[in-house]
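S.K.: dropping the sequence and predicted coords here.
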Amino acid sequence: MSKKPEMSELVAFCKSRGFAYQSSEIYGGMSAIYDYGHYGTLLKNNIRDAWWKNMVQEHAEVLALDSAIFMAPLAWKASGHLDNFDDPQVDCKTCKARLRADHLLEEFGISADKQPLDFINQELDKLKKENKLKCPVCGGCDLTPAKRFSLMVKSNIGAPTDELTDENVVYLRPETCGGIYLNYKNIIDSLHPKLPFGVAQVGKAFRNEIIARQFIFRTREFEQMEMQYFLRPEQMVEKFAAWKADRWQWYLNFGIQAEKIRWYKHEKLAHYASDAYDIEYDFQFLGGFKEIEGIHARGDWDLSQHGKFSGCDLSYTDPYTNEKFIPHIMETSVGLGRLFLMFLDQAYTKESVNDGERLVLKLDPRLSPIKVAVFPLLRNKPELVALAQDVAKRLRPHYQLEFDDHGNIGKRYRRQDEIGTPLTITVDFDSLTNQDVTVRERDSMQQTRVSLAKLEEYLHEKLGL
Ligand code: ATP
């Protein structure tokens with residue numbers, strides 16, 4: 001028996017097991033902002049490292065970058081964010097909830113993504129007249145017309161907050177790729193990469209999102225992992241297809257079932273884009289398939305705009321032909337929090353076992369927060385505890401490990417199952433004479449006797465690490 005969790009169950013699980021907490025909870029909580037606890041941080045970092053290894057280590061032509069969150073404010077004018085980076089907002093006059101108009105329309109099968117406000121308000125009016133439009137929070141019918149709501153988050157640097165003007169305001173970046181475009185010239189001048197090449201980075205991004213209540217799926221502070229691939233326009237079709245295949249395979253390699261993800265092709269493209277797809281995951285607790293990652297062919301728009309606004313020449317000179325042109329860009333862009341939620345949802349399994357039901361996180365071992373747990377069978381037998389501690393000490397340099405001597409062995413197994421630990425090692429009385437231990441596998445619950453001399457080799461083989 002296996003059942004996928006409701007959102008409230010997953011939120012409660014994340015809190016009680018130290019995966020994720022609402023930010024500033026003791027002060028009443030910040031809406032749509034989350035902190036990651038011990039196991040959550042480990043899981044999130046493992047997902048990030050898996051992405052990074054694939055992107056940068058396994059693709060020789062992809063370079064690394066870590067650019068600052070604050071950027072020249074004019075860059076956001078150039079990129080169009082200051083004028084266009086907004087969502088259509090509707091307010092419920094009854095319960096004061098702020099709602100995304102395009103999401104309200106989606107519920108009726110009307111695609112309003114990036115549509116003009118007039119179109120959105122016409123569609124909303126039609127639904128209002130038919131008495132179909134209701135606030136999803138309180139069920140009330142008194143909703144305002146849609147208005148544009150900027151997602152940009154403002155801050156101040158070098159200016160007192162009470163003197164914040166349009167001239168001295170700075171923005172917290174709403175996406176990480178901007179820093180890649182602004183460093184394109186530095187990268188070309190210092191590292192001299194030849195087209196095609198990519199630049200990858202992981203970092204925080206900030207959006208003043210209208211909607212809350214989607215847990216880690218949509219937050220106002222989040223981490224993005226983006227890769228911008230610079231190429232000749234004639235390379236776009238082939239490379240776009242190759243990266244699509246590559247990214248799809250990455251999900252399968254980490255245990256995502258093919259039927260839980262799908263492609264969404266954007267029909268309405270930005271004026272500079274030639275193709276755009278999203279990978280969507282079937283989040284049942286969010287009502288079905290939702291975007292996880294975007295793969296977009298962006299033309300030469302980004303570099304052209306930054307070239308124009310900065311006054312810098314951002315063209316590329318072909319080293320063989322001396323031809324000069326602005327490279328085109330395709331990007332892959334994914335939210336680390338959304339991947340975190342997807343892996344948790346996929347792994348979260350409740351199943352019947354002999355002594356009742358167990359909750360187990362069936363994570364790929366490479367992603368598991370804890371790789372190995374070591375238990376002495378009894379905590380009041382010093383010789384068992386000493387040997388178990390020896391084993392833990394030997395393994396700690398190689399694996400994120402947990403030592404546990406609390407409660408009975410069954411409870412300890414359950415605790416490790418719940419946080420997704422793939423292997424647990426028990427030191428018992430036979431271990432003292434035979435110099436061996438019991439290794440239990442999380443998913444099959446199969447137990448194997450392994451000699452201490454061969455323990456590292458055995459774990460290495462089982463974990464694939
Ligand atoms: P959505 O339509 O869900 O608002 P988007 O199309 O605005 O997303 P992009 O700007 O393409 O998203 O950002 C790329 C990726 O960054 C998304 O696929 C998602 O994984 C992640 N992302 C974007 N906004 C958020 C957010 N507020 N919270 C968490 N992750 C986000």
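M.R.: That came through fine. Quantities reported herein were computed from a predicted structural model and do not represent experimental measurements.
S.K.: right, and the ligand sits closest to which residue of the stretch 301-450 of the chain?
M.R.: Residue nearest to the ligand within the stretch 301-450 of the chain (Cβ to the nearest ligand atom): Gly335, separated by 2.8 Å. The C-beta positions use only the backbone N, C-alpha and C, and glycine is treated the same way.
S.K.: what sits against that residue?
M.R.: Phe222, Glu223, Gln224, Met225, Ile292, Glu293 (Cβ atoms under 8 Å, 6 or more residues apart in numbering).
S.K.: who wins on neighbours among these?
M.R.: Glu293 (23 neighbours; other Cβ atoms under 10 Å).
S.K.: enumerate the residues of this structure near the ligand.
M.R.: Within reach of the ligand by Cβ under 6 Å from any ligand atom, the chain has these residues: 175, 207, 209, 218-219, 222, 224, 291-294, 333-335, 337-338.
S.K.: tell me which two of these sit farthest apart.
M.R.: Glu209 and Glu293 (17.9 Å; Cβ to Cβ).
S.K.: what is Phe289 paired to in the beta sheet?
M.R.: Asp282 (DSSP bridges).
S.K.: and the gap between it and Asp278?
M.R.: 9 Å (Cβ to Cβ, to the nearest Å).
S.K.: residues that sit against both of these two, list them.
M.R.: Tyr264.
S.K.: of all residues in the stretch 1-150 of the chain, which one is closest to the ligand?
M.R.: Using Cβ to the nearest ligand atom, Asp113 is the residue of the stretch 1-150 of the chain that sits closest to the ligand, at 7.1 Å.
S.K.: now do that residue against His266, distance only.
M.R.: Distance from Asp113 to His266, by Cβ to Cβ: 8 Å.
S.K.: neighbour count winner among these two?
M.R.: A count of neighbours by other Cβ under 10 Å puts His266 above the other of Asp113 and His266, at 15 against 12.
S.K.: got a list of what the more buried one touches?
M.R.: Applying Cβ under 8 Å, 6+ apart, the residues contacting His266 are Asp113, Ala273, Ala276, Tyr277, Asp278.
S.K.: give me the most central residue, the protein.
M.R.: Leu336 (1.7 Å; Cα atoms, centre = their mean).
S.K.: now that one: closest residue in space, sequence neighbours ignored.
M.R.: Excluding its sequence neighbours, the residue lying closest to Leu336 (Cβ to Cβ, 6 or more residues apart in numbering) is Glu223, at 3.9 Å.
S.K.: just Phe309 next, same as before
M.R.: Ala78 (3.7 Å).
S.K.: contact partners for the one you found?
M.R.: By Cβ under 8 Å, 6+ apart, Ala78 lies in contact with Gln305, His306, Lys308, Phe309, Ser310.
S.K.: again with Leu361
M.R.: Leu344, Ala347, Tyr348, Thr349, Ser368, Asp417, Glu418, Ile419, Gly420.
S.K.: same deal with Lys15?
M.R.: Lys15 touches Tyr21, Gln22, counting by Cβ under 8 Å, 6+ apart.
S.K.: can you classify it by secondary structure?
M.R.: helix (DSSP: H, G, I helix; E, B strand; the rest coil).
S.K.: any idea how far it lies from Asp35?
M.R.: According to Cβ to Cβ, Lys15 stands 10 Å off from Asp35.
S.K.: between those two, which contacts overlap?
M.R.: With Cβ under 8 Å, 6+ apart, Lys15 and Asp35 have common neighbours Tyr21, Gln22.
S.K.: helices of the stretch 101-250 of the chain, residue ranges please.
M.R.: All helices of the stretch 101-250 of the chain, identified by DSSP state H, counting those that start in this stretch, fall at 101-106, 117-129, 177-182, 184-191, 236-253.
S.K.: out of those, the one nearest Thr41 is which?
M.R.: Closest approach to Thr41 among these (Cβ to Cβ): helix 236-253, 21.7 Å.
S.K.: what pairs with the next helix or strand along the chain from that closest one, parallel or antiparallel?
M.R.: Reading on from helix 236-253 to the C-terminus, the next helix or strand found by DSSP states H and E is strand 261-265. Using DSSP bridges, the strands paired with strand 261-265 are strand 275-283 (antiparallel).
S.K.: now the angle between helix 236-253 and the partner strand, please.
M.R.: 10 degrees (axes from the mean of the first three to the mean of the last three Cα atoms, to 10 degrees).
S.K.: in stretch 378-386, what counts as buried?
M.R.: Lys381, Leu384, Val385 (16 or more other Cβ atoms under 10 Å).
S.K.: quick revisit: for Glu167, state which of the contacts of His266 is nearest.
M.R.: Nearest to Glu167 among these, with distances taken as Cβ to Cβ, is Ala273, at 32.0 Å.
S.K.: so the closest one belongs to a strand, correct?
M.R.: No: read with three-state DSSP, Ala273 is coil and lies in no strand.
S.K.: how about the contacts made by it?
M.R.: By Cβ under 8 Å, 6+ apart, the residues touching Ala273 are His266, His296, Ala297, Arg298, Gly299, Trp301.
S.K.: again, but for Thr176
M.R.: The neighbourhood of Thr176, defined by Cβ under 8 Å, 6+ apart, consists of Ser67, Gln201, Val202, Gly203, Lys204, Ala205, Gln224, Met225, Glu226.
S.K.: are any of these buried, and which?
M.R.: Looks like the contacts of Thr176 have Ser67, Gln201, Val202, Gly203, Ala205, Gln224, Met225, Glu226 buried, using 16+ other Cβ under 10 Å.
S.K.: from Glu331, how far out is the last one?
M.R.: Counting by Cβ to Cβ, the gap between Glu226 and Glu331 amounts to 6 Å.
S.K.: give me the common contacts of the two.
M.R.: Cys177.
S.K.: pick out the most distant pair among the contacts of Thr176.
M.R.: Taking Cβ to Cβ, no two of these sit farther apart than Ser67 and Met225, at 13.5 Å.
S.K.: my guess is Ser333 contacts Arg298, does it?
M.R.: No: if you go by Cβ atoms under 8 Å, Ser333 and Arg298 don't touch, sitting 10.5 Å apart.
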